[in-house]
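J.: Compute the structure for the input listed below.
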Amino acid sequence: MASRYAEVYAAWKADPEAFWAEAAQEIDWIKPWDKVFDASAGTYGRWFVGAECNTCYNCLDRHVERGRPGQPAIIYDSPITGSKATYTYEELLEHVQALAAVLQDRGVEKGDRVIIYMPMIPQAVMAMLACARLGAIHSVVFGGFAAHELATRIDDAQPKVIVSASCGIEPGRVVAYKPLLDDAIAQSKHKPSACLVFQREQEIATLIEGRDYDLGEAMDNAMSAGREVACVPVAATDPLYILYTSGTTGQPKGVVRDNGGHMVALKWTMKNHYDVDPGEVFWAASDVGWVVGHSYIVYAPLLHGATTVVFEGKPVGTPDAGVFWRVISEHSVVSLFTAPTAFRAIKKEDPNGKLIADYDLSSFRSLFLAGERADPDTIKWAEEKLDVPVIDHWWQTETGWAIVGNPLGLGMLPVKLGSPTVPMPGYDVQVIDDAGHPVPAGTLGNVVVKLPLPPSCLPTLWNADDRFRKAYLDEFPGYYKTADAGVIDEDGYLFIMARTDDIINVAGHRLSTGAMEEVLASHPDVAECAVIGVADQLKGQTPCGFVVLKSGVNRPPEEIEKELVGLVRQQIGPVAAFKLAVTVDRLPKTRSGKILRGTMRQLADGEEFRIPATIDDPAILDEIGEALREHGIGVK
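T.: Just a heads-up that it's a prediction; the model follows:
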């Protein structure tokens with residue numbers, strides 16, 4: 001069908017308030033708003049000022065009341081433990097009310113903070129919704145985060161209660177959470193009044209009397225007693241959650257998400273962007289510790305009356321590179337949203353996609369990628385093997401939903417490989433130079449969004465309005481700074497080339513590491529890659545490419561490295577000064593799959609650096625350092 005995108009985007013641009021007021025009809029409000037948008041409120045204005053609502057009611061109660069009580073809300077699938085469970089909307093509501101009752105018993109009220117430090121189990125989702133029900137503000141910290149990092153978040157959010165589990169389970173090992181939690185509380189100045197610990201059979205934690213409580217037992221008691229907890233009305237502008245994202249200073253930034261605008265935007269995306277209907281199964285293969293997990297494992301699917309998959313596993317190794325296809329087939333998933341890294345891992349293990357043939361994927365309609373640049377090679381591989389639209393889209397923890405994408409529900413636009421496509425309604429995306437002036441189409445510059453930001457985007461940082469302004473608003477007045485660099489072509493398609501700190505300056509030429517990565521990824525033997533700029537006395541910086549080869553490649557790495565250098569020279573030109581490709585077994589990544597290019601650069605330049613809290617496996621940095629030394633690059 002012809003796309004309605006241009007018409008819908010133009011309608012938003014002509015009257016943003018009318019557009020979002022209409023979208024807001026999909027949400028149940030306790031009290032309507034006084035103003036759709038109040039430009040005088042907050043740092044750049046606030047959405048749905050004066051309205052009252054409750055996010056948990058919109059996710060659960062209204063579906064139970066209106067014909068969906070027996071429909072699955074959550075499907076839990078854990079290939080790591082072999083466990084599976086389904087909770088209908090009615091059952092999920094019962095569990096959430098029980099957990100809310102347990103929180104109430106520990107003194108949690110509207111406005112209090114609750115830190116959730118849990119693995120990918122249904123109780124993590126229940127805890128988020130229980131907080132929303134009470135008007136408490138949750139802050140999910142990725143399960144297994146180091147004690148020091150958890151302590152910084154405890155001191156910043158000052159939670160009344162922490163909800164945790166005895167352990168998380170990774171392939172081949174059990175990660176005990178309770179010792180990490182105890183250590184974090186010992187380090188933090190702020191002390192929570194209680195910790196609720198969900199005991200998993202793989203590791204029973206020791207509870208400290210008077211502070212720690214068995215969450216499962218307490219929930220069972222509340223359910224046996226039939227306890228009901230009413231939804232607490234909150235202002236649309238009240239915080240729903242705080243989600244910490246790493247700051248450049250090493251001090252975490254607490255991104256604040258409000259209740260009203262968040263619901264309006266996320267509900268709108270489920271049909272218009274992802275083309276998913278109520279009752280269908282949507283799977284975001286992420287973690288509730290990340291923004292994708294907040295938006296598209298928990299809130300958006302449940303607001304929409306869809307079924308969401310909570311997956312405790314990995315794209316490979318639990319047990320093999322076919323696990324994604326098994327989950328899609330078994331649970332009739334219509335749309336999958338994951339990181340390109342997951343597909344690069346699958347492609348590396350099963351380059352020919354042989355395992356796909358073992359499963360019935362007839363329900364499957366679309367694949368969405370985000371979280372890391374989706375290289376054209378990975379997109380082409382997925383399109384060819386799965387025969388469904390493969391849609392890249394670009395957004396940030398700060399926005400909570402896509403800034404730029406290809407809105408499947410409005411009619412898919414033509415794909416341009418390497419581009420997440422076009423701005424979504426709500427976002428006036430522009431590319432400007434360092435002085436704040438617009439640049440011609442096709443010119444690399446700073447990607448910014450004209451203020452005001454749409455509903456769901458962060459209104460500020462937790463207890464840090466000045467830091468918010470300095471980080472996002474001050475450098476380019478009137479715009480939100482994304483800290484990404486890119487180009488907009490003559491058709492209005494955006495190409496994100498790199499974080500602005502990944503633009504390298506080679507002998508006065510500003511070059512995008514992302515463009516070089518695209519060239520490396522196109523080589524038939526390369527599974528994934530990363531390019532960084534290494535300090536060079538003569539040229540300022542020179543590029544260095546790291547490549548991971550596909551499984552089964554038997555050629556000498558030196559031969560492939562030589563071909564890669566020639567490929568970049570051929571496709572980008574001698575100006576790139578690309579002379580070094582380094583083969584490694586794996587790349588350092590965050591647990592959400594982002595490659596730690598900044599840390600690799602610091603390592604190559606011999607700078608002091610902190611091992612990022614989000615790193616999946618710190619030992620990889622030693623391997624990278626060794627590979628650099630072998631190629632004559634000085635690592636201290």
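
J.: any idea where the helices of the stretch 451-600 of the chain begin and end?
T.: Along the stretch 451-600 of the chain, counting by DSSP state H, counting those that start in this stretch, helices occupy 465-468, 513-521, 557-571, 597-604.

J.: Of all those helices, which one is nearest T614?
T.: helix 597-604 (10.3 Å; CB to CB). For the C-beta atoms, the positions are set from N, CA and C on the backbone; glycine is no exception.

J.: Check which element follows that closest one along the chain.
T.: helix 619-630 (DSSP states H and E).

J.: Model confidence for M1, exactly?
T.: Predicted confidence (pLDDT) for M1: 67.

J.: would you list the helices of the stretch 451-600 of the chain in CSV and tack on mean pLDDT?
T.: Shown next, in CSV, are the helices of the stretch 451-600 of the chain (pLDDT from 0 to 100):
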stretch, mean pLDDT
helix 465-468, 95
helix 513-521, 86
helix 557-571, 91
helix 597-604, 87
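
J.: what ranges of this structure fall below the confidence cut-off?
T.: Applying pLDDT under 70 to the chain picks out residues 1, 246-250, 498-503, 507-510, 634-636.

J.: Could you chop it up by domain?
T.: 5-313+393-486, 507-630 (automatic domain parsing).

J.: could you redo these as a markdown table and give each row distance to H331 and mean neighbour count?
T.: Formatted as a markdown table, the domains of the chain follow (distance: least, CB to CB, whole Å; neighbours: other CB atoms under 10 Å):
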| stretch | distance to H331 | mean neighbour count |
| --- | --- | --- |
| domain 5-313+393-486 | 5 | 20 |
| domain 507-630 | 22 | 18 |
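
J.: can I get those domains in TSV with distance to R344?
T.: Below are those laid out as TSV (distance: least, CB to CB, whole Å):
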stretch	distance to R344
domain 5-313+393-486	14
domain 507-630	4
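
J.: which stretch among those comes nearest A321?
T.: The closest of the domains of the chain to A321 is domain 507-630. By CB to CB, the value is 9.3 Å.

J.: so which of the helices of the stretch 451-600 of the chain gets nearest V310?
T.: Of all the helices of the stretch 451-600 of the chain, it is helix 597-604 that lies closest to V310, at 30.2 Å by CB to CB.

J.: List of residues touching the closest one?
T.: Helix 597-604 is contacted by residues 499, 501-502, 513, 530-535, 544, 546, 588, 608-609, 611-612, 615, 621, 624-625, 628, 633, 635 when judged by CB atoms under 8 Å, 6 or more residues apart in numbering.

J.: Could I get the phi/psi values of Y177?
T.: Backbone torsions of Y177, given as degrees, to the nearest 10, read phi -90, psi -30.

J.: Return the residues in contact with it.
T.: Going by CB under 8 Å, 6+ apart, Y177 touches Y117, M118, P119, G143, G144, S164, A165, S166, C167, G168, A205.

J.: Check A515 too.
T.: Counting by CB under 8 Å, 6+ apart, A515 makes contact with M497, I572.

J.: just T482 next, same as before
T.: The contact partners of T482, by CB under 8 Å, 6+ apart, come to Q396, I403, N446, V447, V448, V449.

J.: Return the distance of it relative to Y9.
T.: 19 Å (CB to CB, to the nearest Å).

J.: How about E65?
T.: Per CB to CB, E65 is found 34 Å from Y9.

J.: that older thread, for the contacts of T482, which one is nearest V506?
T.: Distance to V506 across the contacts of T482 (CB to CB) is lowest for N446, with 19.1 Å.
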